[in-house]
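# Can you look at this prediction? I've put the sequence above it.
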Amino acid sequence: MATPDLPLEALAHALSANRLTGKAGRTLFLRARPGAALRGLGLTLRCTQTFRPVFDALQRDGFEVGANEDAASETAPLVLLLPPRQKEEMRALLAHAVSRCGPGGQVVASVANDEGARSVEKDLARLTGLGGSIAKHHCRVFWSPPLHGSHDAALLEQWRQLDGVRPILGGRFQSRPGVFAWDRIDPASQLLADALPANLRGSAADLGSGWGFLADALLTRCAGIASLDLFEAEQRALALAERNLAPHAARVALGFHWHDVAAGLPRKYDLIVSNPPFHALARGERPDIGRRFIEVAASSLNRNGQLWLVANRHLPYEAVLEARFEQVRVAAESAGFKVIAATGARA
């Protein structure tokens, strides 16, 4: 049974109980997630979502959904949002929601208590004032008063810039708040990068590529790589990876795919590298995601192809690795992480 999406259910309850949908018409839902809770409210939703599995789920449920929320300019009398946890990204999204709210419209947000609900509520109050709030399902739902240009315009403009693209790590890479390990090199990815043999060659894929550090390390270290496809579920991260790998574009054929790896890959490769995620949008560990990445990699390697993967040492990947590969070895270990090299993929 699927875990209930409590912030979404609390949001739907608040919309109904507080009659916030009465004059809504077309409603914008930023960082939307699908669920039965909203279907009975009679809203005409225009959704945005940059995480591909959720984007696909919204489309399957028949919602109108787009991914490029930064470029959108449409306004609406009601703007809903499920704010992210990262502070700069959250404040930028609040500012974006207010800027997308039409005259007299309202912004409504829902946040779980253990993900900073009180803090986000205070931030909306700073930006627009507070029209009301309720507690439900261990969440808080809160909303602005009707907006008639009375919000703090200077603060809104300041917060709009908080998750902008910027140089990191001495200027070699570009990143932005909210993507995984946005301002640093993830130590697991660094361990894998250091373990990669320099003689790797042929066609390669990076599953869960993030903002492109591991792909850059692979191309820098291994001159024999002829092509590299990056598969990443978070559109904001993939756009950064395309910028960060631009120095390699003249030498190597590069492909950038906004894609849910769990759905499988469109072709086969000589080499696959991966630092697979083990969380989805919720906080709890999801080792099933990493196991699925391994299954997909095994099905997407050419004969004699290699998988190089890094994971937290405690994650239970050995069974699926041994079932899907003839040879599996630990190539490196450090600081709670393990690098695994696997060859001889089984059908």
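Everything's here; your move.
# Can you list phi and psi of Leu309 for me?
Backbone torsions for Leu309, taken as degrees, to the nearest 10, come to phi -130, psi 140.
# burial of it, as a residue count?
25 (other CB atoms under 10 Å). No exception for glycine: its C-beta is placed from N, CA and C like everyone else's.
# wait, doesn't it sit right on Arg291?
No: in this structure Leu309 lies outside contact range of Arg291 using CB atoms under 8 Å: 11.1 Å.
# Overlap in contacts, these two.
The contact sets of Leu309 and Arg291 overlap at Tyr317 (CB atoms under 8 Å, 6 or more residues apart in numbering).
# dump the residue contacts of Phe231.
Contacts of Phe231 by CB under 8 Å, 6+ apart are Ala205, Asp206, Leu207, Gly208, Ser209, His257, His259, Val261, Leu265.
# In which helix or strand does the second one reside?
For Asp206, the host element (DSSP states H and E) is strand 201-207.
# and the helix or strand just after that strand with strand 201-207, angle?
Next helix or strand after strand 201-207 toward the C-terminus (DSSP H and E): helix 213-221. Helix 213-221 and strand 201-207 are oriented at 170 degrees to each other (axes from the mean of the first three to the mean of the last three CA atoms, to 10 degrees).
# For helix 213-221, list the C-alpha coordinates in CSV.
The C-alpha coordinates for helix 213-221 follow below in CSV (Å, rounded to 0.1, in the frame of the first residue of the first chain):
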residue,chain,number,x,y,z
PHE,A,213,30.4,15.9,-11.3
LEU,A,214,30.7,12.1,-11.9
ALA,A,215,30.2,12.5,-15.6
ASP,A,216,32.9,15.2,-15.8
ALA,A,217,35.3,13.0,-13.8
LEU,A,218,34.7,10.1,-16.1
LEU,A,219,35.4,12.1,-19.2
THR,A,220,38.4,13.8,-17.7
ARG,A,221,39.9,10.5,-16.5
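# elements contacting it?
Packed against helix 213-221, as judged by 3 or more CB pairs under 8 Å, 6 or more residues apart in numbering; DSSP states H and E, are the following elements: helix 187-195, strand 201-207, strand 224-232, helix 235-244, strand 269-274.
# How about the contacts made by the residue most central in space within the chain?
Central residue of the chain (CA atoms, centre = their mean): Glu234, 3.7 Å from the mean position. Going by CB under 8 Å, 6+ apart, Glu234 touches Thr50, Phe51, Arg52, Val179, Phe180, Gly210.
# Please tell me how far the first one sits from Ala297.
From Thr50 over to Ala297 the distance is 24 Å, taken as CB to CB, to the nearest Å.
# Compare the two (neighbour count), which wins?
Neighbour count, other CB under 10 Å: between Thr50 and Ala297, Ala297 has more, with 28 against 22.
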